[in-house]
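K.L.:
Provided below for reference: sequence and predicted model.
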Amino acid sequence: MAHISSLIPLFLLVFFQSVYAGSADYIYTPKVEYGEREMGIHYGIAAPVAGKSAQVSSLGIGYGLSENWFSEGYLKQTRNGGQQATLAEWENK
């Protein structure tokens, strides 16, 4: 058993190098309230460039599933001149 336990640090070093954070990485432990509800609405307009303005709007709804888990869904719409895109996004914290 002592032989196996001495190999664990080597195993972790070889196979889990990608979990180390770099100096520019943002890492935090979320502290949310269980049952917390959140709703956010955002809207913005950019100044016209070459006669075309840009508009962005989003609606987000979230819920605290536990003390450390918050799930949120977004609907986003972007209009840039004559082009339009609608996106859906789901985020877990």
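P.N.:
Nice, thanks for sending it over.

K.L.:
okay, now the unreliable bits of the protein?
P.N.:
Along the chain, the parts satisfying pLDDT under 70 run over 1-2, 12-28, 30.

K.L.:
may I see the buried residues of the biggest strand by length in it?
P.N.:
Counting residues, the longest strand found in the chain (DSSP state E) is strand 52-66. Neighbour counts over strand 52-66 (16 or more other CB atoms under 10 Å) mark 58, 60, 62, 64 as buried. C-betas here are computed from N, CA, C, even on glycine.

K.L.:
check contacts around the residue nearest to the third one when sequence neighbours are not counted.
P.N.:
Residue nearest to residue 62 in three dimensions, not counting chain neighbours: residue 72, with 3.2 Å by CB to CB, 6 or more residues apart in numbering. Contacts were defined as CB atoms under 8 Å, 6 or more residues apart in numbering; by that measure residue 72 touches 38, 60-63, 90-93.

K.L.:
quick check: residue 72 is in a strand.
P.N.:
Yes: remark: residue 72 belongs to a strand, assigned using DSSP: H, G, I helix; E, B strand; the rest coil.

K.L.:
can you map out the helices along the protein?
P.N.:
In the chain, the helices defined using DSSP state H lie at 2-15.
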